[in-house]
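Peer 1: make a model of this:
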Amino acid sequence: MALQVVWTQSALSDLEQIVCYVAADDLEAARRFGTSLIQRVEQVASLPRSGRVVPEINEDAVREIILTPYRIVYEIFNDTQSLHVLRVWHAARTCGNKQVRIPVRPALWSRPTVSSGSG
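Peer 2: Alright, predicted model coming up:
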(Lines give C-alpha, C1' and ligand atoms only; values in the text may rest on other atoms or scores of the structure.)
Protein backbone atom coordinates (compact mmCIF):
# COMPACT_ATOMS: atom_id res chain seq x y z
CA MET A 1 0.00 0.00 0.00
CA ALA A 2 1.34 3.41 -0.96
CA LEU A 3 2.02 6.03 1.67
CA GLN A 4 0.14 9.32 1.58
CA VAL A 5 2.29 11.99 -0.08
CA VAL A 6 2.52 15.34 1.73
CA TRP A 7 4.41 18.22 0.11
CA THR A 8 6.01 20.72 2.51
CA GLN A 9 5.77 24.39 1.66
CA SER A 10 9.54 24.40 0.97
CA ALA A 11 9.23 21.55 -1.53
CA LEU A 12 6.28 23.20 -3.27
CA SER A 13 8.25 26.43 -3.53
CA ASP A 14 11.25 24.52 -4.94
CA LEU A 15 9.03 22.82 -7.53
CA GLU A 16 7.43 26.11 -8.57
CA GLN A 17 10.84 27.80 -8.98
CA ILE A 18 12.19 24.92 -11.06
CA VAL A 19 9.17 24.82 -13.35
CA CYS A 20 9.19 28.61 -13.78
CA TYR A 21 12.91 28.54 -14.61
CA VAL A 22 12.42 25.87 -17.28
CA ALA A 23 9.28 27.61 -18.60
CA ALA A 24 11.29 30.73 -19.37
CA ASP A 25 12.87 28.76 -22.23
CA ASP A 26 10.27 26.09 -23.01
CA LEU A 27 6.77 26.04 -21.55
CA GLU A 28 5.97 22.51 -22.75
CA ALA A 29 9.25 21.14 -21.34
CA ALA A 30 8.40 22.75 -18.01
CA ARG A 31 4.99 21.04 -17.96
CA ARG A 32 6.52 17.68 -18.85
CA PHE A 33 9.24 17.97 -16.22
CA GLY A 34 6.88 19.10 -13.46
CA THR A 35 4.50 16.25 -14.26
CA SER A 36 7.29 13.66 -14.32
CA LEU A 37 8.66 14.89 -11.01
CA ILE A 38 5.26 14.61 -9.33
CA GLN A 39 4.70 11.16 -10.88
CA ARG A 40 8.11 9.99 -9.64
CA VAL A 41 7.20 11.02 -6.08
CA GLU A 42 3.88 9.17 -6.36
CA GLN A 43 5.78 6.07 -7.53
CA VAL A 44 8.23 6.15 -4.64
CA ALA A 45 5.31 6.34 -2.19
CA SER A 46 4.63 2.69 -3.06
CA LEU A 47 8.23 1.69 -2.22
CA PRO A 48 9.45 4.47 0.07
CA ARG A 49 12.65 2.72 1.14
CA SER A 50 13.75 2.40 -2.49
CA GLY A 51 15.37 5.84 -2.26
CA ARG A 52 18.83 6.08 -0.76
CA VAL A 53 19.49 7.45 2.71
CA VAL A 54 20.53 11.11 2.40
CA PRO A 55 24.28 11.11 3.15
CA GLU A 56 24.24 14.52 4.87
CA ILE A 57 21.62 13.33 7.37
CA ASN A 58 22.32 9.59 7.64
CA GLU A 59 18.89 8.77 9.12
CA ASP A 60 16.96 5.81 7.77
CA ALA A 61 13.71 7.78 7.44
CA VAL A 62 15.24 10.65 5.43
CA ARG A 63 15.79 9.52 1.86
CA GLU A 64 16.16 10.85 -1.64
CA ILE A 65 15.54 9.92 -5.22
CA ILE A 66 17.20 11.48 -8.21
CA LEU A 67 15.37 12.83 -11.21
CA THR A 68 18.39 14.14 -13.04
CA PRO A 69 19.59 16.73 -12.24
CA TYR A 70 17.39 17.12 -9.14
CA ARG A 71 17.46 15.53 -5.70
CA ILE A 72 13.99 14.89 -4.29
CA VAL A 73 14.42 14.63 -0.52
CA TYR A 74 11.67 13.05 1.56
CA GLU A 75 11.01 11.70 5.04
CA ILE A 76 9.02 8.58 5.86
CA PHE A 77 6.57 8.70 8.76
CA ASN A 78 5.46 5.18 9.64
CA ASP A 79 3.09 6.33 12.38
CA THR A 80 0.96 8.33 9.93
CA GLN A 81 1.71 6.17 6.88
CA SER A 82 2.93 9.26 5.05
CA LEU A 83 5.87 10.40 2.96
CA HIS A 84 6.73 14.10 3.30
CA VAL A 85 8.56 15.69 0.39
CA LEU A 86 11.02 18.04 2.08
CA ARG A 87 12.96 19.66 -0.75
CA VAL A 88 13.64 19.45 -4.48
CA TRP A 89 17.17 20.63 -5.14
CA HIS A 90 19.52 20.74 -8.07
CA ALA A 91 22.09 18.00 -7.48
CA ALA A 92 25.06 20.32 -8.02
CA ARG A 93 24.44 23.70 -6.50
CA THR A 94 27.52 25.83 -6.81
CA CYS A 95 28.91 28.94 -5.19
CA GLY A 96 31.44 30.55 -7.47
CA ASN A 97 33.83 27.78 -8.55
CA LYS A 98 33.12 25.56 -5.54
CA GLN A 99 30.51 22.86 -5.24
CA VAL A 100 28.48 23.36 -2.08
CA ARG A 101 26.78 20.68 -0.01
CA ILE A 102 23.43 21.99 1.12
CA PRO A 103 21.98 20.75 4.41
CA VAL A 104 18.77 18.83 3.92
CA ARG A 105 17.15 20.14 7.09
CA PRO A 106 17.65 23.88 7.29
CA ALA A 107 16.83 25.39 10.66
CA LEU A 108 13.67 27.04 9.34
CA TRP A 109 12.33 24.02 7.45
CA SER A 110 8.67 23.67 8.09
CA ARG A 111 7.12 20.27 8.63
CA PRO A 112 3.38 20.13 7.93
CA THR A 113 1.14 18.98 10.72
CA VAL A 114 -0.76 15.78 10.17
CA SER A 115 -4.01 15.32 12.02
CA SER A 116 -4.49 12.01 13.81
CA GLY A 117 -8.21 12.22 13.17
CA SER A 118 -9.16 12.40 16.85
CA GLY A 119 -10.60 15.57 17.83
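Peer 1: which secondary structure elements does whichever strand or helix holds E28 sit against?
Peer 2: Taking DSSP states H and E as the definition, E28 sits inside helix 27-44. For helix 27-44, the elements it packs on are helix 9-23, strand 62-67, strand 70-77, strand 82-90, judged by 3 or more CB pairs under 8 Å, 6 or more residues apart in numbering; DSSP states H and E. Backbone N, C-alpha and C define where each C-beta goes, glycine included.
Peer 1: please repeat the previous calculation with a cut-off of 6 Å.
Peer 2: Other elements packing on helix 27-44 under the criterion 3 or more CB pairs under 6 Å, 6 or more residues apart in numbering; DSSP states H and E are helix 9-23, strand 62-67.
Peer 1: what's downstream of that helix, the next helix or strand?
Peer 2: For helix 27-44, the succeeding helix or strand toward the C-terminus, using DSSP H and E, is strand 52-53.
Peer 1: so which residues make contact with stretch 75-82?
Peer 2: Around stretch 75-82, the neighbours that count as contacts under CB atoms under 6 Å, 6 or more residues apart in numbering are L3, Q4, V6, P48, A61, V62, L83, H84, L86, V114.
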